[in-house]
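*Asks:* Turn this into a model:
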Amino acid sequence: MINKIIDWSARNIFMVLLATLFIVVAGVYAVVKTPIDALPDLSDVQVIVYTEFPGQAPQVVEDQVTYPLTTAMLSVPKSRVVRGFSYFGASFVYIIFEDGTDIYWARSRVLEYLNFASARMPKGVTPQIGPDATGVGWVYQYVVIAKDKTLAELRTLQDWYLRYQLTKAHGVAEVASIGGFVQTYQVTVDPVKLRAYGIPLNKVVQVIRESNRDVGGRVVEMAETEYMVRGKGYLRGKGDIEALVVKSEKGTPVLVRDIARVELAPDERRGLTELNGEGEVVSGIAMARYGENALEVIHHLKSKISEISAGLPAGVSIQAVYDRSDLIYRAIKSLTVTLIEESIIVALVCFVFLLHARSALVAILMLPVAVLMAFIAMRLLGMSSNLMSLGGIAIAIGAMIDAAIVMIENAHKHLERLKQGHSNQQR
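*Replies:* The predicted structure is shown next:
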């Protein structure tokens, strides 16, 4: 079979060159369109359902949240494994799907079954699915630095401005905030005063919750002009919370400040972020969507950071601390250098031992064509260009070069055996 292919190729040079041209064009297209990353994403197709149940023990979370969700997700089509984990105040359910399942089809199926499972949840508990990313999607991390800003101010800037702006970058699934202090209004109730006034603790919580809202009214017409009437009740600061009326007896109001202390304080922290051992900073982690081109995502992130840097407060800057594009470019450079080195070595070997320049061109020209053919196969199989695949190509080039040199030398031996005055057909 191989002999027939070789014989046909030798007799149809134009067709071989035409097929090579098509392979080169298709290979260049595959190189441009193949997602480029440093690390291969071998994770399963999975959807994570996250649920908060504040203040509840793991056993309560397991019985009232994790177990109902896990049993509901068992019937999701194409689901292979369903795992549930219960922690203090939080529940995680992992739904792992069969290989080859489209990630967004899986997410839509989970959302459908989540609508039915939500009816079995405790009041006020709402499950939500995680971002469409995996652990390998961690492609970029930055820190927000400013000499004249506190960690609380920088965290507020990160949570309410930078995070939303960077999420708009193409291919970004989520921007997670870490480090700094999350500002919260904390109401510290005095139990002795509560007992003295005869006010239950739930009453304080109810008053604060129900007082933080606007109320709509009707339209009042005066002098052929319509006026929209509404009651403004959103809490704007510590003073508004302190002035809320918890109880009124014989015309005397009992305010929040009479029974509690209201202060702006940081929320409880589970960790911190340091930069080079020089102190705490506020940081953000950008996660790429599942199957996206990591190099393009990083490029869009950098462009977005350059765009929003002009609008930052004076003295605030964004500094990259992890950029996977450096590793990606080094992987591409490694393959390029290997290709060039092997081409030079092959050219020297063929020229020195065979004293025939055209024979060296056969192997040298086929090196890039073989790489393009590999990229065509990677594109058809849905594989990304990463350290593993590029390393495999570099190793395969070495094996292919050995075979090419052997075949060229064998052809020369056969040519040497031809009789003097042989015809072109025999050659």
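*Asks:* which stretches of the stretch 301-427 of the chain aren't confidently modelled?
*Replies:* Of all residues in the stretch 301-427 of the chain, those with pLDDT under 70 make up the ranges 354, 424, 426.
*Asks:* what are the ranges of the strands in it?
*Replies:* Counting by DSSP state E, counting those that start in this stretch, the stretch 301-427 of the chain has strands at residues 317-323.
*Asks:* what is the rounded mean pLDDT of stretch 31-43?
*Replies:* Here stretch 31-43 scores 82 as its mean pLDDT.
*Asks:* Start and end of it, how far apart?
*Replies:* Stretch 31-43 has an end-to-end distance of 23 Å (criterion: Cα to Cα, to the nearest Å).
*Asks:* Can you give me the buried ones in that stretch?
*Replies:* 31, 34-39, 41 (16 or more other Cβ atoms under 10 Å). In short, each C-beta sits where N, CA and C put it, glycine included.
*Asks:* out of the residues you listed, which one sits closest to residue 423?
*Replies:* Relative to residue 423, the closest of the buried residues of stretch 31-43 is residue 31; by Cβ to Cβ it sits at 42.4 Å.
*Asks:* Now do the contacts for the residue nearest to that closest one when sequence neighbours are not counted.
*Replies:* Of all residues not flanking residue 31 in the chain, residue 375 sits nearest, at 5.0 Å (Cβ to Cβ, 6 or more residues apart in numbering). Counting by Cβ atoms under 8 Å, 6 or more residues apart in numbering, residue 375 touches 27, 30-31, 34, 385.
*Asks:* Domain map for this protein?
*Replies:* Here the domain parsing of the chain from the TED database is 1-36+328-417, 44-133, 183-266.
*Asks:* would you list the buried residues of stretch 31-43 in JSON lines and tack on secondary structure?
*Replies:* JSON lines is the format used below for the buried residues of stretch 31-43 (DSSP: H, G, I helix; E, B strand; the rest coil):
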{"residue": "31", "secondary structure": "helix"}
{"residue": "34", "secondary structure": "coil"}
{"residue": "35", "secondary structure": "coil"}
{"residue": "36", "secondary structure": "strand"}
{"residue": "37", "secondary structure": "coil"}
{"residue": "38", "secondary structure": "coil"}
{"residue": "39", "secondary structure": "coil"}
{"residue": "41", "secondary structure": "coil"}
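*Asks:* Which of these sits closest to residue 346?
*Replies:* Closest to residue 346, out of all of the buried residues of stretch 31-43 and judged by Cβ to Cβ, is residue 31, at 22.0 Å.
*Asks:* from what I can see that closest one touches residue 373, true?
*Replies:* No - in terms of Cβ atoms under 8 Å, residue 31 does not count as a neighbour of residue 373; the distance is 11.2 Å.
*Asks:* Can I get the contacts of residue 375 in CSV including distance to residue 140?
*Replies:* Below are those laid out as CSV (distance: Cβ to Cβ, whole Å):
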residue, distance to residue 140
27, 30
30, 26
31, 23
34, 20
385, 19
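*Asks:* Pick the one among these closest to residue 217.
*Replies:* Nearest member of the contacts of residue 375 to residue 217, counting by Cβ to Cβ, is residue 34, at 60.0 Å.
*Asks:* you'd agree the closest one is up against residue 380?
*Replies:* No - in this structure residue 34 lies outside contact range of residue 380 using Cβ under 8 Å: 10.2 Å.
*Asks:* Span of stretch 71-88 from start to end?
*Replies:* End-to-end for stretch 71-88, by Cα to Cα: 21 Å.
*Asks:* Flag every buried residue along it.
*Replies:* For stretch 71-88, by 16+ other Cβ under 10 Å, it's 72-73, 76, 79, 82, 84, 86.
*Asks:* want to throw the residues you listed into JSON lines with distance to residue 340?
*Replies:* Formatted as JSON lines, these follow (distance: Cβ to Cβ, whole Å):
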{"residue": "72", "distance to residue 340": "57"}
{"residue": "73", "distance to residue 340": "52"}
{"residue": "76", "distance to residue 340": "50"}
{"residue": "79", "distance to residue 340": "48"}
{"residue": "82", "distance to residue 340": "50"}
{"residue": "84", "distance to residue 340": "53"}
{"residue": "86", "distance to residue 340": "56"}
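*Asks:* closest to residue 389 among those residues?
*Replies:* Of those, the one sitting nearest to residue 389 (Cβ to Cβ) turns out to be residue 79, at 29.1 Å.
*Asks:* can you tell me the helix or strand for the closest residue to the closest one other than its chain neighbours?
*Replies:* Excluding its sequence neighbours, the residue lying closest to residue 79 (Cβ to Cβ, 6+ apart) is residue 95, at 5.3 Å. Following DSSP states H and E, one finds residue 95 within strand 90-97.
*Asks:* Could you do residue 258 as well?
*Replies:* In this structure, residue 258 sits in helix 256-259 according to DSSP H and E.
*Asks:* before we move on, what about residue 154?
*Replies:* With DSSP H and E as the criterion, residue 154 is inside helix 151-157.
*Asks:* what sits up against that helix?
*Replies:* Contacts for helix 151-157 (Cβ under 8 Å, 6+ apart): 144-146, 149, 177, 179-183, 266, 280-282, 312-313, 316.
*Asks:* Then stretch 283-301?
*Replies:* Defining contact as Cβ under 8 Å, 6+ apart, one finds that stretch 283-301 is touched by 35-38, 41, 103, 131-134, 137-144, 158, 162-163, 166, 169-179, 273, 321, 323-325, 328, 384.
*Asks:* would you list the buried residues of stretch 31-43 in JSON lines and tack on distance to residue 211?
*Replies:* Output for these, formatted as JSON lines (distance: Cβ to Cβ, whole Å):
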{"residue": "31", "distance to residue 211": "61"}
{"residue": "34", "distance to residue 211": "57"}
{"residue": "35", "distance to residue 211": "51"}
{"residue": "36", "distance to residue 211": "53"}
{"residue": "37", "distance to residue 211": "50"}
{"residue": "38", "distance to residue 211": "52"}
{"residue": "39", "distance to residue 211": "51"}
{"residue": "41", "distance to residue 211": "48"}
